[in-house]
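Student: I need the structure of the sequence given here:
(one chain, ligands or ions: 2)
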Amino acid sequence: MMDIRTAWEELKHKVSACRKCGLCESRHNTVFGEGPVNDCHAVIVGEAPGEDEDISGRPFVGRAGQLLTDILEKGGKISRDTIYITNTIKCRPPGNRNPSADEISACSEYLEAQLLLLHPDIVVTMGNIPTKALLDTKEGITSLRGKWHEWRGIRLLPMFHPSYLLRTEGLRGDKSPKYLTWQDVLALKTEINKLTH
Ligand code: URA
Ligand code: URA
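Tutor: Ligands and ions are numbered 1, 2, ... in the order given. Sure, this is the predicted structure:
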């Protein structure tokens with residue numbers, strides 16, 4: 001396995017010093033991502049840091065992040081620290097508004113560089129924002145999720161965003177977002193098993 005550490009550290013430094021869009025004015029920390037860098041099988045791409053992530057500099061550590069951990073660990077028997085976790089954009093939009101098209105496009109070179117360096121077998125996009133950032137599609141997450149797509153030769157699985165699951169917690173049954181997400185994480189686990197066994 002080629003050691004990507006130097007290129008990785010340079011990229012990380014570039015992100016931490018980035019002033020390409022206005023979000024640099026209000027951020028406390030950039031959130032680069034965390035997880036295994038060498039021999040990385042799967043990457044999860046979320047939307048953007050929220051308040052807890054902006055303060056800690058770590059991805060998915062707030063309420064949605066705790067649910068993501070449960071989806072992976074309880075739903076899929078996948079330990080969270082075996083997956084590289086990052087976001088479409090690296091700085092928090094004030095008040096957690098959706099990132100603008102300009103902010104997404106200013107930041108896209110970083111996600112792209114991360115994915116090219118990590119070169120995972122699988123990318124999982126959580127919700128509409130990362131899915132649309134990586135797939136050239138007008139379709140929404142509800143029709144894209146649970147099916148395998150492709151980004152530059154890497155298999156890509158869209159899933160619902162954990163924040164969406166928190167907003168639809170009351171829904172039950174075999175069409176509920178929670179049930180469908182539990183199906184999706186099992187499909188993810190099946191593919192990860194094939195890579196690691
Ligand atoms: N939601 C995201 O999409 N990313 C995070 O890092 C936290 C919450
Ligand atoms: N809308 C989103 O942006 N994400 C989801 O996961 C569901 C609806």
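
Student: CA only for contacts and neighbour counts going forward, please
Tutor: OK.

Student: hmm, the host helix or strand of S163 touching ligand 2?
Tutor: Assigned by DSSP states H and E, S163 belongs to helix 162-167. Yes - using C-alpha under 6 Å from any ligand atom, we find that helix 162-167 touches ligand 2 at Y164.

Student: list the buried ones in the following helix or strand past that helix?
Tutor: As assigned by DSSP H and E, the chain's next helix or strand after helix 162-167 is helix 177-196. Using 16 or more other C-alpha atoms under 10 Å as the test for burial, helix 177-196 gives 177-178, 180-189, 192.

Student: rewinding a little: show me what the helix holding S163 packs onto, helices and strands only.
Tutor: helix 63-70 (3 or more C-alpha pairs under 8 Å, 6 or more residues apart in numbering; DSSP states H and E).

Student: So is the helix it packs on next to ligand 1?
Tutor: Yes - residues of helix 63-70 contacting ligand 1 under C-alpha under 6 Å from any ligand atom: A64, G65.

Student: Output that helix as PDB, restricted to C-alpha atoms.
Tutor: Extracted in PDB, the C-alpha atoms of helix 63-70 (Å, rounded to 0.1, in the frame of the first residue of the first chain):
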ATOM      1  CA  ARG A  63     -27.200  14.300  17.700                       C
ATOM      2  CA  ALA A  64     -27.200  13.200  14.000                       C
ATOM      3  CA  GLY A  65     -23.700  11.900  14.500                       C
ATOM      4  CA  GLN A  66     -24.700   9.700  17.500                       C
ATOM      5  CA  LEU A  67     -27.500   8.300  15.300                       C
ATOM      6  CA  LEU A  68     -25.000   7.600  12.500                       C
ATOM      7  CA  THR A  69     -22.900   5.700  15.000                       C
ATOM      8  CA  ASP A  70     -25.900   3.600  16.000                       C
END
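
Student: And for the helix holding S163, what's in contact with it?
Tutor: With contacts defined as C-alpha atoms under 8 Å, 6 or more residues apart in numbering, helix 162-167 is touched by A64, G65, L67, L68, M126, P177, K178.

Student: Spatially nearest residue to the last one, not counting backbone neighbours?
Tutor: If I follow you right, that is K178. In space, and not counting its chain neighbours, K178 is closest to L165: 6.1 Å by C-alpha to C-alpha, 6 or more residues apart in numbering.

Student: Name the nearest residue to L135, sequence neighbours excluded.
Tutor: Here the nearest residue to L135 in space, its sequence neighbours aside, is W151; by C-alpha to C-alpha, 6+ apart that works out to 6.8 Å.

Student: Who is the one you found paired with across the strands?
Tutor: Taking DSSP bridges, one obtains I154 as the residues bridged to W151.

Student: From G75, how far off is the residue nearest to K178?
Tutor: 14 Å (C-alpha to C-alpha, to the nearest Å).
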